[in-house]
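S.K.: what shape does this take:
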Amino acid sequence: MRADGIVPAIQARLALALAAPEGDYVALRIGGHTVGWLDPTRAARLSAFASVFDRADGEIGLAARLNDCATRTAAVEDVARVLAGEGLLSAWRDERYAVAVEFGAAPLVDIERAAARYFGIRTYAVHINGLVRGGGGLRMWLARRSPTKAIDPGLLDNLVGGGIATGYGVLETLRKEAWEEAGIPADVAARARPQGSIDICRSQPQGLQRETVFVYDLELDADFRPANQDGEAVEHRQLTMAEAAELIADNGDGAVTADASLVILDCLLRHGALGPDSPGLRALSAFRHAMLEPVPESPDRGDGSSGARSWITRP
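M.R.: Below is the predicted model:
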């Protein structure tokens, strides 16, 4: 496909896959900080756990007695297990995400990963573009997710990608995921170079995905062959940049996950693979940084409450 055709095709697909959430959302507050966003149905369900959550002024907050990370974590875990028993969460992971005022700060609470989208918390991940440079130009490795994965089973993904769990930093996660997902040794993973981050905010069946992905490029030797170690990837394929562009424009059975599509788009833009003069590049670039916080629908209510909030849809 020509560059002047692939750009609008990518834009059309990502506009659907990465559409801003619709409707009103209720703030989830902990320790005086807004840490998550809930749709009305989920807010009402949490309100039923009266010993754990309070609802006032249009917001959901943890009960005052839960005043440290340990007690909050235990109480929220009990709630999450009930929700999981009701079939409202994705598969339980026995892995927690830290919920903090900002990335790297002391956690206010640790939440089971399966409940992250239900509570609408901001999560963080690391993805690696596995690149190979040769006479035919730059090429990219992709992986196919296992059909047993709880999220996006069977879809294509970046060579390496994983959430940053409680107790892990960016580089620790990078090294861990590089080995587990592609068999990349630590000394090779250390060559990965940071390329900034992308932001995703969209409504999903499990809740709200509000995620910042730290993006890395890793140039691999021509004879390198990925070898999955943890059973989460079932296939690897190496593509030209043009082929990668066509894949992220495809919404069919062989589609790339929305997260990975955005990471690939970022790589394509940075390496000039879509052509410097292609119309629509600016619109594509805007997908890389979604708005992670909603705005008040009625900022001048005057009653001291936050009121309903919603996301502004991209123009």
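S.K.: pull up the distance across stretch 38-57, start to finish.
M.R.: End-to-end distance for stretch 38-57, by CA to CA, to the nearest Å: 14 Å.
S.K.: centroid residue for this protein?
M.R.: Nearest to the geometric centre of the chain sits E211, at 3.8 Å (CA atoms, centre = their mean).
S.K.: and that one, how far is that from N67?
M.R.: Shown here: E211 relative to N67, a distance of 28 Å by CB to CB, to the nearest Å. Glycine gets a C-beta too; all of them are placed from N, C-alpha and C.
S.K.: ok, P153 touching S90?
M.R.: No: P153 is not in contact with S90 according to CB atoms under 8 Å; the separation is 10.9 Å.
S.K.: show me where the stretch 51-200 of the chain has its strands.
M.R.: Taking DSSP state E, counting those that start in this stretch as the criterion, the stretch 51-200 of the chain carries its strands at 53-56, 59-62, 96-99, 109-112, 122-134, 137-145, 156-158, 160-163, 193-204.
S.K.: mean pLDDT and mean neighbour count for those - can I get that in TSV?
M.R.: What follows is these, written out as TSV (pLDDT from 0 to 100; neighbours: other CB atoms under 10 Å):
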stretch	mean pLDDT	mean neighbour count
strand 53-56	93	14
strand 59-62	95	20
strand 96-99	98	24
strand 109-112	98	24
strand 122-134	97	21
strand 137-145	96	20
strand 156-158	97	26
strand 160-163	96	22
strand 193-204	97	17
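S.K.: is it possible to get a markdown table of those strands that adds distance to R288?
M.R.: Shown next, in a markdown table, are the strands of the stretch 51-200 of the chain (distance: least, CB to CB, whole Å):
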| stretch | distance to R288 |
| --- | --- |
| strand 53-56 | 34 |
| strand 59-62 | 30 |
| strand 96-99 | 22 |
| strand 109-112 | 26 |
| strand 122-134 | 13 |
| strand 137-145 | 17 |
| strand 156-158 | 15 |
| strand 160-163 | 16 |
| strand 193-204 | 5 |
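S.K.: which of those strands sits closest to R29?
M.R.: strand 59-62 (4.5 Å; CB to CB).
S.K.: what lines up beside the closest one in the sheet?
M.R.: strand 26-30 (parallel), strand 53-56 (antiparallel) (DSSP bridges).
S.K.: distance from the longest one to the middle of the chain?
M.R.: Using CA atoms, centre = their mean, to the nearest Å, the distance from the centre of strand 26-30 to the centre of the chain it belongs to is 20 Å.
S.K.: got the contact list for the next helix or strand after it?
M.R.: Where DSSP states H and E defines the elements, the next helix or strand beyond strand 26-30 is strand 33-38. With CB atoms under 8 Å, 6 or more residues apart in numbering as the test, strand 33-38 has contacts from 25-29, 46, 60, 99-101, 108-109, 119-122, 207-208, 210, 293-294, 309.
S.K.: for stretch 112-120, same thing?
M.R.: 25, 28, 36-38, 42, 76-77, 80, 83-84, 88-97, 111, 123, 150, 163, 165, 204, 206-210.
S.K.: low-confidence ranges in the stretch 151-300 of the chain?
M.R.: By pLDDT under 70, the low-scoring segments of the stretch 151-300 of the chain are 253-254, 297-300.
S.K.: going along the chain, name the helices of it.
M.R.: Per DSSP state H, counting those that start in this stretch, the stretch 151-300 of the chain carries helices over the ranges 170-182, 186-189, 241-248, 258-270, 281-286.
S.K.: need the ones you listed in CSV with distance to D54 and mean neighbour count, can you?
M.R.: Formatted as CSV, the helices of the stretch 151-300 of the chain follow (distance: least, CB to CB, whole Å; neighbours: other CB atoms under 10 Å):
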stretch, distance to D54, mean neighbour count
helix 170-182, 34, 21
helix 186-189, 45, 14
helix 241-248, 43, 20
helix 258-270, 34, 23
helix 281-286, 38, 14
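S.K.: which among those helices is found nearest to A20?
M.R.: Closest among the helices of the stretch 151-300 of the chain, using CB to CB: helix 281-286, at 11.7 Å.
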